[in-house]
Every structure is written in structure tokens, then in C-alpha cells.
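A.B. asks: next comes the sequence, and after it the predicted model I'd like to discuss.
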Amino acid sequence: MGLISSLRMTLIALGTKLYEVVEGKAKILAPDPSAYSREGKYDPSWAPVFYNPKMTFNRDASVIAVSLLSPKSILDSMSATGIRGIRYNLESVSPDETIFNDKNPAAITLLRINVERNGLKNYKITQLDANVAMHQFKVDFTDVDPFGSPSPFTLGAVASTRRGGVIALTATDLAPLEGSSRASCFRKYGVRTSKLSYSKEAGLRILLGKVVRDAALFERGVVPLFSFYKEYYYRLFVKLEPGAKRADKSLQELGTMYECTKCGYIFLDTDPCIRSCPLCGGSLLSSGPAWTGSINDEVFLDKMRSVLEKFSYLKSYSELSYLLNLLKNENKYKLYYNLSVIASKLRTNMRPIHKVLECLGDASRTHFNNVGIKTSREFKEVVECLKSSY
Ligand SMILES: C[S@@+](CC[C@H](N)C(=O)[O-])C[C@H]1O[C@@H](n2cnc3c(N)ncnc32)[C@H](O)[C@@H]1O
């Protein structure tokens, strides 16, 4: 971009109506929503630089995760106001270098101001396409926080991350991932999908599957450290382990997610061609390839829970504590049963969930769905408990 247009963009950014936001330990300037509202509504993408207060929980959780990773170098590949990278510096770690990048020139101007305001020292700011930045820099931790799908950036994120490093991704394209936009899911994730009753978990497993396949191209295996779903997005932290063997091992953990249309039985299998329900012979919905392994690392979750106290200043502290405990409880099981779907198949009323859990014993609620449960018990026991738990 020429000097004139860059100055023009700078002027536009300076003319942008700003307000001060305090988030965690950062104090940043962001576009004032009141100046960009339309008919009483506001979407952060209408402002010249993107800042979404509804993503604070995502950033709070990320700050805690990054504090345990202790990366020496960070690439905040889509910085916008810079809030994420700034918070990592103020609250998580003291990296030797943080690279802030955004392709939007107004964002570059604003993040320059924000980084200075927060007293950061070791940083670099670049205005590149994220994929260019990710092929240019090598770091210990790469953050990808796009509008919509992270799919066009997963390969770049693997490329930019050193051996043993970690990538974090946000995905807000729930329609393809959860199976509502099937063509889009095939286009973006290479997955033939269906709308499954446990669609919220299915979406996360599809996304992890994509990361596994892209990591394998660089001969890296994948360990999901911390993954969750919230309202309209997924957030995941994935460790990349070097070596073709590790890549192959991760690929072996890809499989297909199934659901019987007749009885409601759900299962994961590495065989992508199962046609009928192993329990009742009914026809199956399927979705894959998807990650069939653990979506959270037990040890990492425990560490997050043990450092949480240090972050008691966060507004979302209680909510984070609740999420981390729930993730730990549900981590030993695989897919969740959607009790309302099974109840309607059985033509019975939805029983109180705590009663079903009590009846099953070895079972947990899931953060994915408030009418979902995970259990090691057999499907017939879930059905019995659902029928008998008054
Ligand atoms: C969702 S916002 C990032 C929000 C920010 N990380 C935060 O936590 O507030 C996405 C940002 O990515 C930038 N962006 C979108 N596509 C990009 C690309 N291909 N390369 C670089 N930046 C991009 C946009 O300009 C926007 O600022």
C-alpha cells in the first residue's frame, strides 16, 4: 500500500469514534458501538476495527491457557484492536516477542496505539494477509481468530508454529460445523456431514479432524489440550508434536460419527462405511472424517483448574471455573446423548436430568448441551434410566 493511502487510512482510523474498554488487565481503545449502530442494533463487524465484548470469555479462557504454555514467541495473526496479544503479555506470560498482524490498515493504526498505551515492549506489528504472516514467521504459539471459519488458515497456523508449539483457533461458522449447511461443511472441512442430535460436539470433532489432516501434511501429530463450545463459537488449543509417526497416529484417530435414525444409538467408529445400526438395524446418519479421541487433555485441564485462582479478577471467573470442572467431568466419556431427542423417540416425557444421572451412576452433564449427558453405560441403560427416572 502507498504512503498516501496508508495515511488516508490512518486519518480514517483517527476519525473513528473511540471509547476506552477495560478487559482483564488491558485498557484499550475500540470503536464506540454507538457511532456504528444501525436502527438500534450493533454488529462489531460494522465498525472500522473489530472488537466484540461478547468474546471476552473466549479471551479470558485463552489468557489462562497461554499462561500455562509459556511461549517465548506469539503470533496474534488476526489482531484487530490487539486485545488478545496485549492481554497475553499483561496477564499470561512475558514473551521475547509478540507479532501483531492484521490485514486491515485501520486495525494496524489502532493496535499501534493500544500496544503503546499498555506499555508493551517486545513486539512487532505487521499488515499482512494472515497466511503470508504465518508462512513468514516461526513462533511457539499461533493464534487464529477469524471471522467465521478458521479452515483457510489451519495449514498456515501449523506452518508458523515451531515443533512442540501450540495453535489456538476460534471458529464461529457453526452452521457448517454442526451440520446445518452440509455443502459448506464439505467445502470448508472436506467432511460429508449430517445433522446429528449431538451436533455441537460433532462440530468440534470435525474441526479437530481438519487440524489433524493439515498437521499431518507437515508431519506433525496433534494433542488437543483445551477445547470448548460456547453459544456461537468453538475455541481450541492444540499442541503439535513433530514426526511422521505421530502424524500417522493422529490420523488413525480419525473416524466417523454415527446416529441411528430409528433407536437413537450413537457411536464413533474408524470404519466409515457402517450402513445399519448395530443395535436395531435402523438406518444411520453419519458424519466424518472427525476426531474420535479426547477433546481435552486431562493434565492440561487440571493445570488450568489449579492456576485459576490467580485469575480471580476476571469477570468470567465463576463461569470459567464451572466450565473447567464440567470439561474435566465429561472428558472421560465420548459423545453426549441428547436426552430430549431420545425421549421423543421413546415417546416419553423428558425426565429431570439429575435423576437420569443418578440412575446411571457413571455419567456426567456436558457443557455442549444442557439436556445432554455423557456416560460409560450402555445405550439400553440410558433408555431404561430415562424411562424410569421420575
Ligand atoms: C474476529 S476479528 C479478530 C478479533 C481479535 N482477535 C480479538 O480478539 O478481538 C478478525 C480480524 O481478522 C482480520 N482479518 C480477516 N481476514 C484476514 C486475513 N486474511 N489476514 C489478516 N487479517 C485478517 C480482520 O481485519 C479482523 O480484524
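C.D. replies: Arrived safely.

A.B. asks: drop to CA atoms for contacts and neighbour counts, all remaining ones
C.D. replies: Fine.

A.B. asks: any residue of the helix or strand harbouring Leu75 up close to the ligand?
C.D. replies: With elements delineated by DSSP states H and E, Leu75 resides in strand 73-76, which encompasses its position. No - on the criterion C-alpha under 6 Å from any ligand atom, strand 73-76 is out of touch with the ligand, staying 7.2 Å away.

A.B. asks: starting at the chain centroid, how far to the following helix or strand past that strand?
C.D. replies: Note on strand 73-76: by DSSP H and E, the next helix or strand toward the C-terminus is helix 83-87. What separates the centre of helix 83-87 from the centre of its chain is 17 Å, taken as C-alpha atoms, centre = their mean, to the nearest Å.

A.B. asks: give me the contact status of helix 83-87 with the ligand.
C.D. replies: Yes - Helix 83-87 comes into contact with the ligand when judged by C-alpha under 6 Å from any ligand atom, the residues involved being Ile83, Arg84.

A.B. asks: what residues does this structure have near the ligand?
C.D. replies: Counting by C-alpha under 6 Å from any ligand atom, the positions of the chain adjacent to the ligand are 50-51, 78-80, 83-84, 102-104, 128-130, 145-147.

A.B. asks: now with 8 Å, please.
C.D. replies: Proximity of the chain to the ligand is assessed by C-alpha under 8 Å from any ligand atom, with 49-52, 55-56, 59, 76-84, 101-104, 107, 127-132, 144-148 identified as the residues in range.

A.B. asks: all strands of the stretch 101-250 of the chain, in order?
C.D. replies: In chain order, the stretch 101-250 of the chain shows strands spanning 123-126, 139-144, 161-171, 220-230, 233-242, with DSSP state E, counting those that start in this stretch as the criterion.

A.B. asks: tell me which of these is the most buried.
C.D. replies: Mean neighbours per residue, mean count of other C-alpha atoms under 10 Å, is largest over these for strand 139-144, with a mean of 24.

A.B. asks: how far away is Leu324 from the ligand?
C.D. replies: Leu324 sits 21 Å away from the ligand, taking C-alpha to the nearest ligand atom, to the nearest Å as the criterion.

A.B. asks: any idea which helix or strand carries that residue?
C.D. replies: Element membership for Leu324, per DSSP H and E: helix 317-330.

A.B. asks: care to break the protein down by domain?
C.D. replies: Per automatic domain parsing, the structural domains of the chain span 51-291, 298-388.

A.B. asks: can you check the distance spanned by the longest one, start to finish?
C.D. replies: It stands for domain 51-291. For domain 51-291, the first and last residues are 31 Å from each other (C-alpha to C-alpha, to the nearest Å).

A.B. asks: same question, the last one
C.D. replies: Domain 298-388 stretches 33 Å from its first residue to its last (C-alpha to C-alpha).

A.B. asks: Gly288 contacts Leu268, doesn't it?
C.D. replies: No - at 9.6 Å, Gly288 and Leu268 do not qualify as touching, with contact defined as C-alpha atoms under 8 Å.

A.B. asks: look up the residues that both of these two are in contact with.
C.D. replies: In the contact map built from C-alpha atoms under 8 Å, 6 or more residues apart in numbering, the residues linked to both Gly288 and Leu268 are Gly255, Thr256, Met257.

A.B. asks: any chance of those residues in JSON lines, plus distance to Ser180 and secondary structure?
C.D. replies: Compiled in JSON lines, these are given as follows (distance: C-alpha to C-alpha, whole Å; DSSP: H, G, I helix; E, B strand; the rest coil):
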{"residue": "Gly255", "distance to Ser180": "20", "secondary structure": "strand"}
{"residue": "Thr256", "distance to Ser180": "17", "secondary structure": "strand"}
{"residue": "Met257", "distance to Ser180": "16", "secondary structure": "strand"}
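
A.B. asks: among the residues you listed, which one has the most neighbours?
C.D. replies: Using other C-alpha atoms under 10 Å as the contact criterion, the top neighbour count among the shared contacts of Gly288 and Leu268 goes to Met257, which has 29 neighbours.

A.B. asks: residue contacts, that one?
C.D. replies: Each residue near Met257 by C-alpha under 8 Å, 6+ apart is listed here: Ala202, Ile266, Phe267, Leu268, Asp269, Ser286, Ser287, Gly288, Ala290.

A.B. asks: can you pull out the low-pLDDT segments for the stretch 1-150 of the chain?
C.D. replies: Applying pLDDT under 70 to the predicted model, the residue ranges of the stretch 1-150 of the chain that meet it are 1-15.

A.B. asks: show me where it has helices.
C.D. replies: Per DSSP state H, counting those that start in this stretch, the stretch 1-150 of the chain carries helices over the ranges 3-15, 33-36, 56-69, 83-87, 105-117, 130-136.

A.B. asks: could you do the stretch 201-350 of the chain as well?
C.D. replies: When secondary structure is read from DSSP H, counting those that start in this stretch, the stretch 201-350 of the chain shows helices at 244-252, 298-307, 317-330, 339-345.

A.B. asks: can you add mean neighbour count and mean pLDDT and give the ones you listed back as JSON lines?
C.D. replies: Formatted as JSON lines, the helices of the stretch 201-350 of the chain follow (neighbours: other C-alpha atoms under 10 Å; pLDDT from 0 to 100):
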{"stretch": "helix 244-252", "mean neighbour count": "18", "mean pLDDT": "98"}
{"stretch": "helix 298-307", "mean neighbour count": "16", "mean pLDDT": "98"}
{"stretch": "helix 317-330", "mean neighbour count": "18", "mean pLDDT": "98"}
{"stretch": "helix 339-345", "mean neighbour count": "17", "mean pLDDT": "94"}
